[in-house]
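# Turn this into a model:
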Amino acid sequence: MFINMALELRKMTNHTYVRRAGLLATCLAATLASSASGQSSEFDVSSQIGPAPVLPAPQRSLIPSTKIAEVIGWEDGQSPTVPDGLAVTAFATDLANPRTVHTLPNGDVLVVQGQKPPGEPQSRPKDFIRGWIMALAHGSGGDDPKKDSNLITLLQDTNRDGTVDNRIDLLTGLNAPFGVAWTDDTLYVAATDEILSYPYKLGQTEITAPPTKLTSLPGGPIDHHWTKDLALSPDGTKLYVGIGSNSNIVENGLEAERGRAAIWEVDRKTGASRPFATGLRNPNGLTFEPETGALWAVVNERDELGPNLVPDYMTSVTDGAFYGWPWSYYGDHVDERVHPQRPDMVATAIPPDYALSSHVAPLGMTFSMNAAMPEPYAHGAFVGEHGSWNRDSFHGYKVVYVPFENGEPAGKAVDVVTGFLDGDTTHGRPVGVGIDGTGALLVVDDVGNTVWRVAVSDGRVTDQAIGTDNVKSEATEAAPASTENPNVDVTTRQSTEDSTGTSN
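Prediction:
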C-alpha cells in the first residue's frame with residue numbers, strides 16, 4: 001500500500017499539483033505518526049540552541065512527522081528580510097540550483113551549481129515517500145523550465161559597487177560539484193566522486209585546460225549525501241573535504257558507509273588522504289576560525305526520532321576525534337535503532353560545541369571577522385539553515401548569526417536573513433553563505449535560484465578584497481590595511497559552506 005501511494009505521490013510533480021500532493025503526504029505522515037503530533041508546538045526550540053541542548057525522549061513511528069513548504073519562488077521586487085542597518089539585494093539571479101559561493105583573492109565570486117546524481121536505490125518502502133518529499137521540498141523555484149545545472153559561474157564586480165558587471169560560466173558538465181578552493185594558480189573542485197584541479201590564474205574568464213584528478217571520493221551507486229565541501233588549510237598544504245553518510249542510520253549496511261560520515265584530510269601535492277574526523281553524519285560549511293585556526297563545520301544530524309530530535313549543530317573539528325554517528329548522538333546518547341551496538345565507540349564520542357536546534361538543516365557557514373559588517377554581526381559566524389521537513393511545524397529557512405569570543409560561540413543565535421517562508425509556502429531556501437570581495441554577506445538560495453547580497457545600509461565596503469581561502473593576491477599584499485574601520489582587515493580567512501539537498 002505504502003509503495004503504491006508513494007508512486008502516486010511521485011507522479012504529482014507538476015507545480016500545479018504541489019499543494020495537493022503536499023497535503024496528501026502530510027496527512028499520510030500524520031496518520032502514521034500520530035504519537036509525535038503536537039510535540040513541536042509544545043517544545044521550546046530555543047532550549048536546543050547553545051552548548052547544552054535539551055534532548056527529549058526519542059519518538060519513533062512508521063512514517064516520520066512531515067511538514068513541507070510549497071516552493072513559489074520570488075516575484076519581481078520581492079526579497080528576503082534583514083534587520084535595520086542592513087540592506088539586501090539580488091547579486092545574481094536566474095541560476096541553476098546554486099549551492100555554494102567562493103570568493104577569490106581578487107574579489108571575483110564563484111557560484112557552484114549542482115544537482116544530486118540520479119539513481120540512488122531505495123532500501124525501505126517509506127524511502128519512496130521520503131524521496132518524493134525531498135524532491136518536493138527542494139522545488140524548482142517556479143514554473144520556468146529547468147536549466148542545466150552542474151556548473152561553476154564566475155561573477156565579477158569590477159568597481160566594487162555590489163553589482164555584477166561580468167558573468168561567465170567558467171566550468172560546465174561537472175558531476176554534482178559543491179566545494180571549491182584556490183591557491184597557487186590552481187582551482188580545486190570537489191565533484192561528488194573526486195577532487196579535480198584546474199590551472200587557473202586570477203582574472204581569467206575561461207578554463208580550457210583539462211582537469212587533473214587529485215583523489216577519488218566516495219560516490220555512487222547509492223551516494224545518499226552527495227555534496228562534498230572543501231576548505232584549504234591555513235598553511236595551504238592540505239585540503240579538507242566533508243563527506244556525508246550513505247543513509248540516515250546505516251539502513252544500507254556498514255560497508256556502504258566506508259570512508260563516509262567523515263572529514264578527510266587530503267595532501268594538496270600528492271592526493272594522499274586520511275580520515276581527519278569521523279562520526280559526522282553530514283558535515284558542510286567547512287571553514288577555519290580566524291583567531292584560533294581551528295577547523296569548524298556545520299553538521300546535519302539524523303532523522304526519524306521525532307520533530308525535536310536530534311539537534312543539528314556547529315562544532316570545531318579535532319584531528320582523530322569521533323562524533324558519534326551512527327551509534328550515538330550528542331556524546332553518549334545511544335541510538336537504539338543501530339545494530340550491532342558499539343558501546344566502545346559510544347564511550348569515545350565527543351559532544352559537539354553548539355546546537356542549532358533540530359532539523360534546521362545547516363548547509364553553510366562563514367565567519368564575519370573583519371568583513372564590512374556592523375558591530376552586532378562583526379565577530380561571529382553566519383549559518384545558512386536550509387529548513388526542516390521532519391517536523392510538524394517549520395523550522396530553519398533562514399540565516400542566523402552566532403557571536404564568538406576567543407574562538408568559541410558566546411551567545412544565542414539571532415536571525416539575520418529571514419522572509420523566505422510565507423505561510424505554508426516558501427519563496428526560497430538558504431544554503432551556502434560567504435563574504436564577497438567588498439565584505440558583504442552572500443546568501444545562496446537554491447530553490448530561488450538566486451544569490452542574495454546583504455550589505456551595510458550606509459554602503460561601507462572593505463578597502464581590499466576578502467577571499468574565502470587564506471590566500472592573498474599580489475594586490476592585497478601590496479595594499480595597506482584599512483585604518484578607517486577596525487572591523488576591516490583583508491588578511492583574515494573567510495570560508496563558505498552546501499548541501500545535502502533538504503535532508504538533515
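
# Find the helix or strand that the residue most central in space within the chain is a member of.
For the chain, the residue nearest the mean C-alpha position is residue 363 (1.6 Å; C-alpha atoms, centre = their mean). In the assignment (DSSP states H and E), residue 363 maps to strand 362-367.

# What pairs with the helix or strand that that strand is followed by, parallel or antiparallel?
Moving toward the C-terminus from strand 362-367, the next helix or strand (DSSP H and E) is strand 380-385. Using DSSP bridges, strand 380-385 pairs in its sheet with strand 362-367 (antiparallel), strand 398-405 (antiparallel).

# And the nearest residue to residue 203 once chain neighbours are set aside, how far from residue 384?
Of all residues not flanking residue 203 in the chain, residue 106 sits nearest, at 6.2 Å (C-beta to C-beta, 6 or more residues apart in numbering). Where C-beta positions appear, they are placed from N, C-alpha and C, glycine not excepted. Distance, residue 106 to residue 384, by C-beta to C-beta, to the nearest Å: 24 Å.

# Next one, pLDDT for the residue lying closest to residue 294 once chain neighbours are set aside please.
In space, and not counting its chain neighbours, residue 294 is closest to residue 316: 4.7 Å by C-beta to C-beta, 6+ apart. pLDDT for residue 316: 98.

# What is whichever strand or helix holds residue 316 packed up against?
Using DSSP H and E, residue 316 sits in strand 311-317. When contacts are defined as 3 or more C-beta pairs under 8 Å, 6 or more residues apart in numbering; DSSP states H and E, strand 311-317 packs onto strand 295-299, strand 354-358, strand 362-367.

# so how far is the last one from its chain's centroid?
For strand 362-367, the distance from its own C-alpha centre to the chain's C-alpha centre is 6 Å (C-alpha atoms, centre = their mean, to the nearest Å).

# now that strand against strand 311-317, angle please.
On the basis of axes from the mean of the first three to the mean of the last three C-alpha atoms, to 10 degrees, strand 362-367 is oriented at 40 degrees to strand 311-317.

# what's the answer for the second one, then?
Regarding strand 354-358 and strand 311-317, their directions subtend 160 degrees when assessed with the same axes, to 10 degrees.

# With mean pLDDT and distance to residue 83 as new columns, can the strands paired with strand 380-385 be given to me in TSV?
Converted to TSV, the strands paired with strand 380-385 look like this (pLDDT from 0 to 100; distance: least, C-beta to C-beta, whole Å):
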stretch	mean pLDDT	distance to residue 83
strand 362-367	98	18
strand 398-405	98	10
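
# looking at those strands, which is buried most?
Each of the strands paired with strand 380-385 was scored by mean neighbour count; the highest is strand 362-367, a mean of 29, by mean count of other C-beta atoms under 10 Å.

# Can I get stretch 113-122 as PDB, trimmed to CA atoms?
What follows is stretch 113-122, C-alpha atoms only, in PDB (Å, rounded to 0.1, in the frame of the first residue of the first chain):
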ATOM      1  CA  GLN A 113      25.500  25.000  -9.000                       C
ATOM      2  CA  GLY A 114      24.800  21.300  -8.700                       C
ATOM      3  CA  GLN A 115      22.200  18.600  -8.500                       C
ATOM      4  CA  LYS A 116      22.000  15.300  -6.800                       C
ATOM      5  CA  PRO A 117      23.100  12.400  -9.200                       C
ATOM      6  CA  PRO A 118      20.200  10.200 -10.300                       C
ATOM      7  CA  GLY A 119      19.700   6.600  -9.500                       C
ATOM      8  CA  GLU A 120      20.000   6.200  -5.700                       C
ATOM      9  CA  PRO A 121      18.300   2.900  -4.800                       C
ATOM     10  CA  GLN A 122      15.500   2.900  -2.200                       C
END
